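> quick one, what's the 3D model for this:
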Amino acid sequence: MNPRWVGLTAPFRWLLAALDVGRHQPGLLLGAVACVVLLELGPGLLAQAGGPASGGTLALMQGLGLLIGLLVAPVAKAGVYTLIDAGERGQSMGFDTVFAGFSNGRYPALVGVTALGLLLFLGIGAVMVLVAGLSGAAGDWPAIAAWMQQVQTLQAEAGAGTPVPPDRLPALPEGLSSLMLMLLAFSPVLLLAGLANAWALIGVALRGLGPLAALLLGLRAALMSAPAVLLFVLVLALPALLLGGLLALLLGGLGALAGLAGATIGAMVTALLILGITVLLSAVFYGFLWQGWRAACDPGATSGVSLGTAAPDGRFEA
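Below is the predicted model:
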């Protein structure tokens, strides 16, 4: 199982191919993606449902989110990738595919590869803390931590509809700029680690790979594809920011119009619009990851497994 060089412009082709990845069963795929989104965002939404949450409630919801992310979300994501893979083959699937990982014998491997990915990020985090400590980039960490807590509290109040006057905004702590520069320096490492984790999960879900073998293959493929992926991110960073700004303005305008009928209705309409856009973008994102996996590290593409024909950009062709 060896990763493959995909070409410098391959991620752009993956994105174009991902735009219609759910064309065979769009409703089913969007429903599956909505399940994943709700699983991942559910604890946070519950924490903010009754207004600004206390520290204990936030800790409880964060723990619940971690358990869901480790024990349930991997199965739903595997179901999404299975639907995408089957759809590209022209095969019809049912909604039970979304949670088939609980009963098809791959649940331990799905949890295992997710746990290994979590350990990988913890290791990267430990290295970042070490570098920050040795270089002095952390600055006054207690002050930075207190500033972050104040910002989170103000964000929760703003999300609950409480106006936040400018004089309540905390001043930037000393050392924050150095810390941000260090995070920026590590961002390519975090990006490639996330890509490797995603490809590892797909390998477990679609090819039955073991957790460690899948993660190692994903890491090797991500490193080999690093120039193409980083170029893709650099080229699309500014357009993505502009698109995000336009979407924010659009959502704000629609939310304000709906708010004319009442603050509660406006908040509900805004939340539903955000959820809908998140589901659509997530569907494209999962399609992008699947296209990249097929091109860079699908072991079935070079084995004796009957998979059809893989185009040079990794898109499946029946």
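> and the strand or helix carrying Trp290, what does it pack against?
Taking DSSP states H and E as the definition, Trp290 sits inside helix 263-296. Counting by 3 or more Cβ pairs under 8 Å, 6 or more residues apart in numbering; DSSP states H and E, the packing neighbours recorded for helix 263-296 are helix 10-18, helix 26-48, helix 73-88, helix 176-207, helix 211-224, helix 226-259. C-beta: built from backbone N, CA, C; applies to glycine.
> again, 7 Å this time
helix 10-18, helix 26-48, helix 73-88, helix 176-207, helix 226-259 (3 or more Cβ pairs under 7 Å, 6 or more residues apart in numbering; DSSP states H and E).
> out of those, which is closest to Ala296?
Set against Ala296 and scored by Cβ to Cβ, those come closest in helix 176-207, at 7.1 Å.
> pLDDT on that closest one, on average?
When pLDDT is averaged over helix 176-207, the result is 92.
> and it, what does it pack against?
So helix 176-207, by 3+ Cβ pairs under 7 Å, 6+ apart, packs with helix 73-88, helix 107-135, helix 211-224, helix 226-259, helix 263-296.
> what about 8 Å?
helix 73-88, helix 107-135, helix 141-159, helix 211-224, helix 226-259, helix 263-296.
> would you single out the least confident of those helices?
Lowest mean pLDDT within those: helix 141-159, a mean of 74.
> quick one: that one to helix 26-48, angle?
Counting by axes from the mean of the first three to the mean of the last three Cα atoms, to 10 degrees, helix 141-159 lies at 110 degrees to helix 26-48.
> what's the angle between helix 141-159 and helix 176-207?
Using the same axes, to 10 degrees: helix 141-159 against helix 176-207 is 70 degrees.
> out of the helices and strands packed on helix 176-207, which gets nearest to Ala59?
Per Cβ to Cβ, nearest to Ala59 of these: helix 141-159, 12.4 Å.
> quick one: buried residues of the closest one?
In terms of neighbour count (16 or more other Cβ atoms under 10 Å), helix 141-159 has its buried residues at Ala143, Ile144, Trp147, Thr153, Leu154, Ala156.
> keeping just the C-alphas, turn stretch 264-281 into CSV.
Provided in CSV are the C-alpha atoms of stretch 264-281 (Å, rounded to 0.1, in the frame of the first residue of the first chain):
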residue,chain,number,x,y,z
THR,A,264,-37.2,34.5,18.4
ILE,A,265,-38.3,33.9,14.8
GLY,A,266,-35.3,35.9,13.5
ALA,A,267,-32.9,33.8,15.6
MET,A,268,-34.6,30.5,14.5
VAL,A,269,-34.4,31.5,10.8
THR,A,270,-30.8,32.5,11.1
ALA,A,271,-29.9,29.2,12.9
LEU,A,272,-31.7,27.2,10.2
LEU,A,273,-29.9,29.1,7.4
ILE,A,274,-26.5,28.6,9.0
LEU,A,275,-27.3,24.9,9.5
GLY,A,276,-28.3,24.6,5.8
ILE,A,277,-25.2,26.3,4.5
THR,A,278,-23.1,24.2,6.8
VAL,A,279,-24.6,21.0,5.5
LEU,A,280,-24.1,22.0,1.9
LEU,A,281,-20.5,23.0,2.4
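> list the buried residues of it.
Applying 16+ other Cβ under 10 Å to stretch 264-281 flags Gly266, Ala267, Val269, Thr270, Leu273, Thr278, Val279 as buried.
> just stretch 111-118 next, same as before
Buried-residue list, stretch 111-118, by 16+ other Cβ under 10 Å: Val111, Gly112, Val113, Thr114, Leu116, Gly117.
> next: stretch 32-42.
In stretch 32-42, counting by 16+ other Cβ under 10 Å, buried: Ala32, Val33, Ala34, Cys35, Val36, Val37, Leu39, Glu40.
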